[in-house]
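my questions concern the predicted model and sequence given below.
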Amino acid sequence: MNFVDTKNELLTLLESVSGIGAVYASMKQVTDLKTLQDVNVTNGKYNVCYLQRLSVLEDDEGIGSRDETDTSIIKQVTETWNITLFYAYKDSVDEPSEFEFQTLIDSIREKFRWVNDLTYAYKSYSVNFIATNVYDQQNNVLCHRADGKLIINIFSETEY
């Protein structure tokens with residue numbers, strides 16, 4: 001298993017989503033407005049996405065096994081990744097920002113549906129957004145916020 005390579009592959013997928021703004025591998029807190037605009041504003045809108053690995057679990061049941069010498073032959077590793085999307089809130093009767101925001105969520109979901117070509121993963125589940133359209137302050141900008149969970153399985157051959 002390789003955190004850096006998996007992260008980079010997931011970042012590449014996120015960056016290829018139509019309409020996505022800035023994509024980062026960790027949360028960023030920008031303090032001055034010029035930098036904020038330079039790094040987080042795309043097509044005139046605050047549009048930023050963060051990717052973080054939340055957990056790594058090793059499973060000893062089913063796939064994992066131990067022989068008489070207590071040597072682990074193979075384990076299944078389950079990684080949970082979080083995709084956090086912030087999108088500037090604009091209240092408008094004709095074109096509320098919520099419509100573009102929800103469309104962007106659907107585009108991310110579609111891009112990550114059944115990803116089968118990750119180098120280290122043998123199985124990936126669809127990304128599930130458990131919270132959408134929560135309003136949050138990001139760098140003092142009122143934003144829509146969505147948090148999606150992506151679960152991938154990796155085989156790890158390890159000897160102790």
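Alright, I've got the coordinates.

residues in contact with the most centrally placed residue in the chain?
The chain has residue 83 as the residue nearest its centroid, 2.7 Å off, counting by CA atoms, centre = their mean. Neighbouring residues of residue 83 by CB atoms under 8 Å, 6 or more residues apart in numbering: 14, 49-51, 108, 112, 127, 146-150. Where you see a C-beta, it was placed from the backbone N, CA and C, and this is true even at glycine.

bridged to it, which residues?
residue 51, residue 148 (DSSP bridges).

distance of it relative to residue 76?
Between residue 83 and residue 76 the computed distance is 22 Å (CB to CB, to the nearest Å).

cool, and residue 27?
29 Å.

comparing the two, which residue is more hemmed in?
residue 76 (18 against 10; other CB atoms under 10 Å).

do I have it right that that one meets residue 123?
No - here residue 76 lies out of contact with residue 123, judged by CB atoms under 8 Å, at a distance of 9.1 Å.

mind listing the helices in this structure by residue range?
With DSSP state H, the ranges of helices along the chain come out as 3-15, 33-40, 97-111.

what residues sit buried inside the last one?
Spelled out, that is helix 97-111. Buried positions in helix 97-111, judged by neighbour count with 16 or more other CB atoms under 10 Å: 97-98, 100-102, 104-105, 108-109, 111.

between those residues, which sits nearest residue 22?
Checking those against residue 22 by CB to CB gives residue 104 as the nearest, at 12.9 Å.

enumerate every residue touching the residue nearest to the closest one when sequence neighbours are not counted.
Nearest-residue entry for residue 104: residue 19, 5.1 Å, with adjacent residues in sequence omitted and distances by CB to CB, 6 or more residues apart in numbering. By CB under 8 Å, 6+ apart, the contact list for residue 19 reads 47, 100, 103-104, 107.

switch those over to CSV; also include pLDDT.
Compiled in CSV, the contacts of residue 19 are given as follows (pLDDT from 0 to 100):
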residue, pLDDT
47, 92
100, 92
103, 94
104, 94
107, 95
